[in-house]
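[1] With the sequence up front, the predicted model follows.
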Amino acid sequence: MNKITISVPSSVANVSCGFDVLGFCLEKPCDEMTVEIKKARGVEIKIINEKSIPSNSKYNVCGPVAFAMIQKLNLKHGFRVTIIKKIKPGSGIGSSAASAAGTAFAINLLTGSKFSKLELVEFAMLGEEIASGVKHADNLSPVIFGGFTLVRSLKPLDVITLPSLKELYVIITHPLIELKTKDARMMIDKKIDLEKATKQWGNLGGFVTALFTKDYELLSKTIEDVVVEPQRMKLIPNFKEIVTAASKYALGSGISGAGPSIFSICKGKKKSEQVLGIIKEITLKKNMQYNLILSKINTAGIKIIN
């Protein structure tokens, strides 16, 4: 096999209570990536429909991932990466993570599947470092493993897969502005109050427990961020209004990743459609364009097209 085309999904990171450690995978939107072996060493990158993303392999998240895998495998050839971008850069639903994870996944398949999923996350983190300035795996892990994941540790890397409840639907409300992860991270205080930290840890533990016990009431109580969201919400237009309105039917809402997208988790398709309708009414009245997405949880992660 010299060429592979894959569908690489978007993702929600942090999920309010799990900054930099908790995430889940969405069924849509997905990027389409084609990776093929080329005779000459090096990495060529082509972005079909997004001019804002650099194609230079030194500055594109795919580059360091591919170079690291080439070096690790001692390959004499290189790779050509072509991406049809459907996950908007700077949207907060894992655009850079999709490119980095997709590159690692595809190269692994083209070279004999020598690496585990955990090792693929480690390679992909080299790409995320370009996008955000730090290595983190909260978007990458659900894209590669599927469903909900918890990054227990970065050194050494340890990713725990969590149960994905079948009745969960997600609304993504994306105000069409770009918010770079590097900029959003600069908003966060380096030190946090112990009382707030304790509450956040309790929420994270409760969230994980709720997934295992299928306790939707508990899940709803835990979708709360007392550490990061209060600092970042000022960057997101109409955040409080949208979250308050969605709470009528949603289990909970919060900032997706670094923003500006807002996620709303719902139990059942009917309630998710009700939330979608409420948010649509709000956004139509605003002097700003929004993209609204209704998705289920993607339990498979990256999928092979051909």
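    Noted; the coordinates are in hand.

[2] Quick check: which ranges of this structure have low pLDDT?
    Of all residues in the chain, those with pLDDT under 70 make up the ranges 181-186.

[3] Longest helix in it, please.
    helix 194-213 (DSSP state H).

[4] buried sites along the longest strand seen in the chain?
    As assigned by DSSP state E, the longest strand anywhere in the chain is strand 22-38. Using 16 or more other Cβ atoms under 10 Å as the test for burial, strand 22-38 gives 22-27, 29-37. All C-beta atoms are positioned from the backbone trio N, CA, C, and that covers glycine.

[5] for the stretch 101-250 of the chain, what spans make up the helices?
    117-132, 140-145, 181-185, 194-213, 216-222, 229-232, 239-246 (DSSP state H, counting those that start in this stretch).

[6] And Ser256, how close does it get to Asp138?
    11 Å (Cβ to Cβ, to the nearest Å).

[7] which residues are common contacts for the two?
    Ala13, Asn14 (Cβ atoms under 8 Å, 6 or more residues apart in numbering).

[8] quick revisit: quick one: the longest strand of the chain to helix 194-213, angle?
    70 degrees (axes from the mean of the first three to the mean of the last three Cα atoms, to 10 degrees).

[9] Just the C-alpha atoms of strand 22-38, please, in CSV.
    The C-alpha coordinates for strand 22-38 follow below in CSV (Å, rounded to 0.1, in the frame of the first residue of the first chain):
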residue,chain,number,x,y,z
LEU,A,22,-10.6,15.4,29.0
GLY,A,23,-12.0,15.2,25.5
PHE,A,24,-14.5,13.5,23.2
CYS,A,25,-14.7,12.8,19.5
LEU,A,26,-17.4,14.1,17.2
GLU,A,27,-19.0,12.4,14.2
LYS,A,28,-18.9,15.7,12.2
PRO,A,29,-17.3,17.7,10.8
CYS,A,30,-14.4,15.6,9.5
ASP,A,31,-11.3,16.4,7.4
GLU,A,32,-10.4,14.2,4.5
MET,A,33,-6.7,13.4,4.3
THR,A,34,-4.7,11.6,1.7
VAL,A,35,-1.2,10.5,2.6
GLU,A,36,1.0,8.8,0.0
ILE,A,37,4.6,7.6,-0.1
LYS,A,38,7.0,9.6,-2.3
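
[10] Mind listing the strands the following helix or strand past it pairs with, and their directions?
    Proceeding N to C from strand 22-38, the next assigned helix or strand is strand 43-47, under DSSP states H and E. Strands flanking strand 43-47 in the sheet, each with its direction: strand 78-84 (parallel) (DSSP bridges).
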